[in-house]
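1. Task: produce atomic coordinates for the following.
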Amino acid sequence: MAIEMIMPKVDMDQETGTVVEWLKGNGQQVTEGETILVIETDKIAIDVEAPGTGILNGISANPGDVVPIGTVIAYILKEGEGIPTGDSAPAVRESPLPVSPLTADQQKVPSTPVAQNMAAAHGVDLASVTATGTGGKVTRGDIAAALKMAPAPVPSGDFTATPAARRTARLKGADLSLIKGSGPEGRIQAFDVENYQPGSGSPAASPALGGQSIPLIGMRRTIAERITASYQSIPHIQFSGRVEMTKFNKARSDYNELAQKRGDEKVSVTAMLVKLVAMVLADHPWLNSSLVNDSILLHQEINIGVAVALEKGLIVPVVKNADQKGLRQIAAETSDLVSRARQEKLTSADVKGGTFTITNLGPFGVEQFSAIINPPEAGILAIGATTSEVIAQEDGAIAVRPMMRFTLSADHRIVDGAVAARFIADLKTTFENPILMNY
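-> Below you'll find the model as predicted:
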């Protein structure tokens, strides 16, 4: 019997997966447990193993395709076996958009979780589907059969559109019959609807200046959507501070001298920042919180996210319980996380559970900047480069000292100005006196 290969669910909140690369093609022999596919969620790339041994065939999702979880994307067949008919649902070739929730009436229809996801993704009414599952449940196969039997409704005109394009059109009140599709065979994509200009018949386009066109998919698309949502929905309030780094640099030098003698991991600037920020957050719970529905959740754990720049985007691995760990352990964990992030070998657990984020652009020579909050966190700390500056001492003398500027971006719905100011003051004191981590 043919073995179905479906788009797997690796995160609790995952609704779709993006096909990155097939390592085996149609007609090739595969072995159970062998990695044959790479997919990308909104956080990380995942290696997908073959669920059985046989011949790979019926691949229906190509690189760049965004597919709802639970959708059959290929089969593994025995010698001489054919691809099943009426069982698979077409891949959704579009950018990921929120799946419409099931109505109260649909939730009453007995159905499997995968069938519910597919029904929501493709706009299928569960009550209209013939159920063949145990106890009268609607199964994934039933949804797939319904999709094959009933063409997607067309409001007017001779055109086709993706489910997400139809949802977007309903939200924007756009007439799909007036929009020119950019997909295969003129299929209207969500992108076409979002960029449609009334009277133009097509999405708004920039002048033909030439150059390379790069699809906004996968991690880059997720970053764009989340950053836009954060900036538009969270009232950011920013506070900056300036720190003399003489003692910080001396402490790091001393720690690294000791680490070299013991054969331990070198202590990076980021590792020290993680430890010191975690210490200060322990006394400022409002900065270590999230707005959940109509309540402010003060987190029990202090999990520091460390922003890591990759060639194709940004990822934030998390140092869990940073306030309870010593600098030696944090240095080892930070080095490991950053290394695996750049090799694209992070797991889902590595990027989950953050309660506060640090982003350090000092190594790039950026002296000061402000960052956009990483939802649902309440704040993010932007660290600039340490530079030599001429400053006035308390006794009036002039001296050259290493100085570093940092900027806190906080969610003003949770954090008031005075609360953020006290946090900044304590950060400054702790950065300038890192011995406090041993106090």
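
2. Show me where the stretch 151-300 of the chain dips below the pLDDT cut-off.
-> 151-159, 162-164, 167, 170-171, 182-185, 190-191, 198-219 (pLDDT under 70).

3. how about the helices in it?
-> 163-172, 190-194, 218-233, 246-262, 269-281 (DSSP state H, counting those that start in this stretch).

4. Can you tell me the SS state at residue 429?
-> Under DSSP: H, G, I helix; E, B strand; the rest coil, residue 429 falls in the helix class.

5. and the spatially closest residue to it that is not a sequence neighbour, how many neighbours?
-> Closest residue to residue 429 apart from its sequence neighbours, by CB to CB, 6 or more residues apart in numbering: residue 436 at 7.7 Å. Yep, even glycine has a C-beta here, placed from its N, CA and C like the rest. By the criterion of other CB atoms under 10 Å, residue 436 has 14 neighbours.

6. wait, what's in contact with residue 436?
-> 276, 279, 429, 430 (CB atoms under 8 Å, 6 or more residues apart in numbering).

7. before we move on, what about residue 79?
-> So residue 79 contacts 54, 55 (CB under 8 Å, 6+ apart).

8. Doesn't it lie inside a strand?
-> No: Residue 79: not assigned to a strand; according to three-state DSSP it is coil.

9. do you know how far it is from residue 85?
-> 19 Å (CB to CB, to the nearest Å).

10. thinking again about what came up before, could you look up the SS state of the residue nearest to residue 429?
-> Under three-state DSSP, residue 436 comes out as helix.

11. Just say which of the helices of the stretch 151-300 of the chain is most tucked in.
-> helix 269-281 (a mean of 24; mean count of other CB atoms under 10 Å).

12. For that one, give me every contacting residue.
-> So helix 269-281 is contacted by 248, 251-252, 255, 287-288, 302, 304, 306, 319, 322-323, 325, 327, 330-331, 334-335, 338, 355-356, 358, 360, 362, 381, 383, 423, 426-427, 430-431, 434, 436-437 (CB under 8 Å, 6+ apart).

13. by how many degrees do it and helix 246-262 diverge?
-> Angle between the axes of helix 269-281 and helix 246-262 is 120 degrees (criterion: axes from the mean of the first three to the mean of the last three CA atoms, to 10 degrees).

14. could I have helix 269-281 exported to PDB, CA atoms only?
-> C-alpha atoms of helix 269-281 as PDB (Å, rounded to 0.1, in the frame of the first residue of the first chain):
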ATOM      1  CA  VAL A 269      30.600  40.400  24.700                       C
ATOM      2  CA  THR A 270      27.200  39.000  24.000                       C
ATOM      3  CA  ALA A 271      27.600  36.300  26.600                       C
ATOM      4  CA  MET A 272      28.400  38.900  29.300                       C
ATOM      5  CA  LEU A 273      25.500  41.100  28.100                       C
ATOM      6  CA  VAL A 274      23.100  38.100  28.400                       C
ATOM      7  CA  LYS A 275      24.200  37.400  32.000                       C
ATOM      8  CA  LEU A 276      24.100  41.100  33.100                       C
ATOM      9  CA  VAL A 277      20.700  41.900  31.500                       C
ATOM     10  CA  ALA A 278      19.200  38.700  33.000                       C
ATOM     11  CA  MET A 279      20.400  39.900  36.400                       C
ATOM     12  CA  VAL A 280      18.800  43.300  36.000                       C
ATOM     13  CA  LEU A 281      15.500  41.800  34.600                       C
END
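
15. Residue 237 reaches residue 417, doesn't it?
-> Yes: with contact defined as CB atoms under 8 Å, residue 237 and residue 417 form a contacting pair (6.7 Å).

16. Show me which of these two is the more surrounded one.
-> residue 237 (16 against 11).

17. so how far is residue 412 from the more buried one?
-> On the measure of CB to CB, residue 237 and residue 412 end up 4 Å apart.

18. Same check on residue 299?
-> 19 Å.

19. try residue 339
-> For residue 339 relative to residue 412 (CB to CB), the value is 36 Å.

20. Residue 128 too?
-> Relative to residue 412, and taking CB to CB, residue 128 is found at 47 Å.
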